[in-house]
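Student: using only what follows, build the 3D model:
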Amino acid sequence: MATHLAAMATGKAQPLEVRERQTPKPGPGELLLQVKSLALNPLDYKCRDFGFMVASYPAVLGSDIGGVVLEAGSNVPSTFKPGTRIAAFAPTFFVRCAPDYGAFQQKVIIPARNATPIPDTISFNEAAILPMAVVTTWSGWWTIGLPRNISFSPNAKQGILVWGASSSVGSMVVQSAKLLGFTVYATASAKHHEYVKSLGATRVFDYKDPGVEKSIIEAAKGDGLAVKYGYDAVGALQSCLNILKALKGSETAHLASAPPLMPDGPTAEGVETKFVVASLEEEEQAEQFSFWMNAWLKEKLEKNEIVPSPKIQVVEGGLHGINKGLDILKAGVSCTKLVLEI
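Tutor: Here you go, the predicted model:
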């Protein structure tokens, strides 16, 4: 039986341990991947440190992969023939960190619907920072009822608020919203403003400015924008509510929140806030991932309409460097995605 190495969680609040495990075979709709690069997300250290979403130990964590198809199941389209370079979203959280499906290993099983081929112009490191950002962005749009085929013209004056635009998710939200035809108003640290504008934001505001809410409201009114949609990528719920309430007009505004909502958290009249999550209904979720990864991301990469963002910082050590990387991420990074080369 073939084997490979994996960085395994052996217990709550324990460092991941690199161990050998058996290499599984893909099912009919699955791919076996050789992991070349993986990216780290805040949920990963929460799984390691607090046992979040872990059903049992040992477990394998991680979601973001750049890699190569080794073997394809019998029902997988020829798009994913062996040797294909891909970006892939490991379904770790949907399978409660079952070892075969976690990204933190040399070889991993993923559903084919969770992958997209990457152009030769995209490196494995760049591929690895795309999946979680794309899935979280589109989960947000679905959660607040934003149609996939919406396409505003510039004259429509439809604004959207993106709070935390230099984060991994926020930077993809900006790009996606721009492609949907929104005029994007975003927040980020002052040093990242030009970068966020390069991704498609029309105006960028410093979230540290004590008058930022007033500045956004006045600018939007001056530009004649209706702002009925918002995406909170980092956890600034009250500010987002205040701004949307002031700019929504007579209609209901819709706010997607990437951080979980608290039962006693703030609310605002006329603003509907929902926690970002993909459908929990299996058939609908499968269709969502097929569109997000097999179709939307593939097309946008081929047309060069989105770019991997934010900037990449490589953490040395491969699988043995994951604990160090998770500790760096836990301490806080800015406009940076941590990546390990396997």
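Student: the residue nearest the centre of the chain: which element?
Tutor: Using CA atoms, centre = their mean, the residue of the chain that lies closest to the mean C-alpha position is A133, 1.9 Å off. Applying DSSP states H and E as the criterion places A133 in helix 131-143.
Student: next, the buried residues of that helix.
Tutor: Along helix 131-143, the positions that meet the burial threshold by neighbour count (16 or more other CB atoms under 10 Å) are 131-143. In this view, the C-beta of every residue, glycine as well, is placed from N, C-alpha and C.
Student: next: stretch 103-120.
Tutor: 103-118.
Student: endpoint to endpoint, it covers what distance?
Tutor: One end of stretch 103-120 sits 22 Å from the other (CA to CA, to the nearest Å).
Student: please compute how far that stretch lies from its chain's middle.
Tutor: Chain-centre distance of stretch 103-120: 15 Å, with CA atoms, centre = their mean, to the nearest Å.
Student: from here on, call the first residue 6.
Tutor: New numbering, starting at 6: the last item is stretch 108-125.
Student: tell me the one among the buried residues of stretch 108-125 nearest to I327.
Tutor: The closest of the buried residues of stretch 108-125 to I327 turns out to be F109 (CB to CB; 5.9 Å).
Student: please name every helix or strand in contact with the one helix or strand E289 maps to.
Tutor: With secondary structure defined by DSSP H and E, E289 is part of helix 287-294. Other helices and strands packing on helix 287-294, by 3 or more CB pairs under 8 Å, 6 or more residues apart in numbering; DSSP states H and E, are helix 136-148.
Student: ok, then the element right after the helix it packs on?
Tutor: Beyond helix 136-148 on the C-terminal side, the first helix or strand identified by DSSP H and E is strand 163-168.
Student: same question for that following strand, mean pLDDT?
Tutor: Across strand 163-168, the average pLDDT comes to 97.
Student: so what does it touch, helix or strand wise?
Tutor: Contact analysis of strand 163-168 by 3+ CB pairs under 8 Å, 6+ apart lists helix 173-184, strand 188-193, helix 217-228, strand 231-237, helix 242-252 as its packing neighbours.
Student: within its sheet, name the partner strands of it and how each one runs.
Tutor: Using DSSP bridges, the strands paired with strand 163-168 in its sheet are strand 188-193 (parallel), strand 231-237 (parallel).
Student: quick one, the longest one and helix 217-228 angle?
Tutor: Orientation of strand 231-237 against helix 217-228 (axes from the mean of the first three to the mean of the last three CA atoms, to 10 degrees) gives an angle of 140 degrees.
Student: who touches strand 231-237?
Tutor: Surrounding strand 231-237, the residues in contact under the criterion CB atoms under 8 Å, 6 or more residues apart in numbering are 142, 145, 149, 151, 162-169, 175, 178, 182, 187, 190, 225, 245, 248-249, 252-254, 256-264.
Student: returning to what we had before: looking at the helix holding A138 now, give me its mean pLDDT.
Tutor: When the per-residue pLDDT values of helix 136-148 are averaged, the result is 98.
Student: ok, K86 touching A77?
Tutor: Yes - under the criterion of CB atoms under 8 Å, K86 makes contact with A77 at 6.5 Å.
Student: those two: who's more crowded?
Tutor: When K86 and A77 are compared on other CB atoms under 10 Å, the one with more neighbours turns out to be A77, at 21 against 11.
Student: would you list every one of the helices in the stretch 6-155 of the chain?
Tutor: 47-55, 129-133, 136-148 (DSSP state H, counting those that start in this stretch).
Student: by contact count, what packs against the first one?
Tutor: Contact analysis of helix 47-55 by 3+ CB pairs under 8 Å, 6+ apart lists helix 327-336 as its packing neighbours.
Student: name the helices or strands packed onto the helix it packs on?
Tutor: Contacts of helix 327-336 with other secondary structure elements, assessed using 3+ CB pairs under 8 Å, 6+ apart, are made with helix 47-55, strand 341-346.
Student: turn those into CSV, including distance to V217.
Tutor: As requested, those are arranged in CSV below (distance: least, CB to CB, whole Å):
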stretch, distance to V217
helix 47-55, 23
strand 341-346, 22
